[in-house]
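K.L.:
no sequence on this one, just coordinates:
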């Protein structure tokens with residue numbers, strides 16, 4: 001992608017410099033120029049340059065010395081050297097020092113464009129290395145579950161992957177929305193990155209700059225140009241988690257991006273073409289968010305070309321033992337332990353729990369069990385007491401030592417368990433939760449505040 005690429009041309013001959021400037025601007029590049037190597041290094045240290053094209057024979061710091069200085073400062077910017085016909089050996093020497101390629105004068109326009117394009121692609125890959133390492137460290141995990149609802153999800157992923165359609169994933173917190181988005185990207189065949197951003201976790205003014213990027217001087221603190229998530233996801237997938245929390249003004253800009261496949265960095269008047277696929281997600285009911293003004297109606301219909309509804313864990317209970325065993329084995333292996341199994345009582349307790357935190361809560365609980373269990377079996381003593389109060393209160397009491405008997409703490413644990421179960425069954429509706437518990441809404445609000453609980457929050 002040449003459009004908007006920042007190229008620094010270095011040459012002490014004004015006519016030669018001017019010729020390259022004209023050619024590169026014709027390609028769509030943003031061009032900077034320097035008459036010598038020293039000035040070029042000043043520009044590189046101040047601006048985010050994507051490519052350097054330099055003459056070899058210059059007074060002061062030569063092209064070879066410029067290349068050596070760039071490498072000594074660990075600059076990963078690719079360098080193309082320009083040499084005259086008959087002095088190719090000088091260019092070969094430069095390539096041995098780390099130059100990307102060389103261009104021979106007189107210039108061949110097609111050759112110059114090809115070499116510049118390849119060099120910029122290499123630089124793009126180098127820029128993304130750190131991002132890729134972070135993504136690899138996150139791990140992909142695997143889908144686990146054989147219930148009919150999950151089989152439908154698998155089929156939707158296989159069908160949706162190769163298309164370019166925007167996708168809207170709806171599901172409670174912890175149901176695996178990002179995992180589904182990553183799987184769709186994997187099945188898409190797109191060559192770019194999978195880039196995820198949580199719209200609820202970033203303030204509106206910062207979110208806009210994170211998405212669109214900015215140029216130096218766009219606002220106070222913008223000391224250099226920065227690539228946004230849209231550009232980073234070029235030819236890949238951008239996952240917008242909790243999109244209903246996005247500021248309406250940014251939603252309007254997002255709609256324009258979807259319609260035109262172009263973006264403008266903050267502070268810039270130069271548009272950049274992008275090729276991305278948008279996958280959005282929310283833990284809210286989207287039509288209710290539209291009615292409440294949290295989500296633009298036109299944006300909703302634009303991103304909801306294909307909707308995927310993820311079932312909460314309480315609606316796919318037959319998958320709970322499979323998931324529990326998978327997570328338990330995963331964390332036991334990471335701890336260097338051997339295989340371990342779940343006792344019958346633990347399996348029954350897991351099947352009877354409401355799981356307000358869904359699969360994520362189950363994973364955290366199995367990590368805890370993997371750490372605490374030293375033998376070959378996970379027993380009830382390795383689970384939090386609140387989960388056992390729901391299904392096996394007698395087991396809990398029998399497991400408590402006389403020295404640990406604490407009526408107030410036990411009642412508090414039981415109350416929190418009931419509150420979480422009611423919130424989960426009512427999908428966070430406080431009035432409905434109060435009716436389930438057979439208490440007043442005022443009492444419910446008091447107890448939620450007392451224990452620091454909210455819908456979807458379990459302790």
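P.N.:
Structure's in. What do you need? Note that the structure is predicted; figures quoted are calculated from it, not measured.
K.L.:
CA only for contacts and neighbour counts going forward, please
P.N.:
Fine.
K.L.:
Mind checking which residue lies nearest the centre of the chain?
P.N.:
Centroid-nearest residue in the chain, with C-alpha atoms, centre = their mean: residue 196, separated by 2.2 Å.
K.L.:
bridging residues for that residue?
P.N.:
For residue 196, the beta-bridge partners under DSSP bridges are residue 239.
K.L.:
That one and residue 263, how far apart?
P.N.:
18 Å (C-alpha to C-alpha, to the nearest Å).
K.L.:
Then residue 361?
P.N.:
Distance from residue 361 to residue 263, by C-alpha to C-alpha: 38 Å.
K.L.:
Beyond the lowest-mean-pLDDT helix or strand in the chain, next helix or strand please.
P.N.:
Lowest by mean pLDDT, DSSP states H and E among the helices and strands of the chain is helix 393-399, with a mean of 49. Moving toward the C-terminus from helix 393-399, the next helix or strand (DSSP states H and E) is helix 407-425.
K.L.:
other SSEs contacting the helix or strand just after that following helix?
P.N.:
If you walk from helix 407-425 toward the C-terminus, the next helix or strand you reach (DSSP H and E) is helix 430-437. With contacts taken as 3 or more C-alpha pairs under 8 Å, 6 or more residues apart in numbering; DSSP states H and E, helix 430-437 sits against helix 407-425, helix 441-451.
K.L.:
Which one of the ones you listed has the poorest average confidence?
P.N.:
Note on these: helix 407-425 shows the lowest mean pLDDT, a mean of 76.
K.L.:
in that helix, what's buried?
P.N.:
The neighbour-count check on helix 407-425 (16 or more other C-alpha atoms under 10 Å) flags 413-425 as buried.
K.L.:
do stretch 265-279 as well
P.N.:
Burial within stretch 265-279, assessed by neighbour count using 16+ other C-alpha under 10 Å, is assigned to 265, 266, 272, 273, 274, 275, 276, 277, 278, 279.
K.L.:
And the helices in the stretch 101-250 of the chain?
P.N.:
109-138, 148-160, 177-188, 204-212, 229-232, 248-260 (DSSP state H, counting those that start in this stretch).
K.L.:
okay, now the domains of the protein?
P.N.:
Following automatic domain parsing, the chain resolves into domains at 6-133, 148-311, 315-451.
K.L.:
and the second one, what's its mean pLDDT?
P.N.:
The reference is to domain 148-311. pLDDT averaged over domain 148-311 gives 93.
K.L.:
May I have the distance across that domain, first residue to last?
P.N.:
End residues of domain 148-311 are separated by 11 Å (C-alpha to C-alpha).
K.L.:
And the last one, by the same measure?
P.N.:
Length of domain 315-451, first residue to last, C-alpha to C-alpha: 27 Å.
K.L.:
same check, this time on stretch 72-90
P.N.:
20 Å.
K.L.:
try stretch 240-253
P.N.:
End-to-end span of stretch 240-253 (C-alpha to C-alpha): 14 Å.
K.L.:
before we move on, what about stretch 368-380?
P.N.:
With C-alpha to C-alpha, one end of stretch 368-380 sits 12 Å from the other.
K.L.:
Can you give me the buried ones in it?
P.N.:
Buried residues in stretch 368-380, defined by neighbour count with 16+ other C-alpha under 10 Å: 368, 369, 370, 373, 377, 378, 379, 380.
K.L.:
and if you look at stretch 288-303?
P.N.:
So stretch 288-303, judged by 16+ other C-alpha under 10 Å, has buried residues 289, 290, 294, 295, 296, 299, 300, 302, 303.
K.L.:
about what we covered before: mind giving me CSV with the buried residues of helix 407-425 and columns for distance to residue 16?
P.N.:
Converted to CSV, those look like this (distance: C-alpha to C-alpha, whole Å):
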residue, distance to residue 16
413, 78
414, 80
415, 79
416, 76
417, 76
418, 78
419, 76
420, 73
421, 74
422, 75
423, 72
424, 70
425, 73
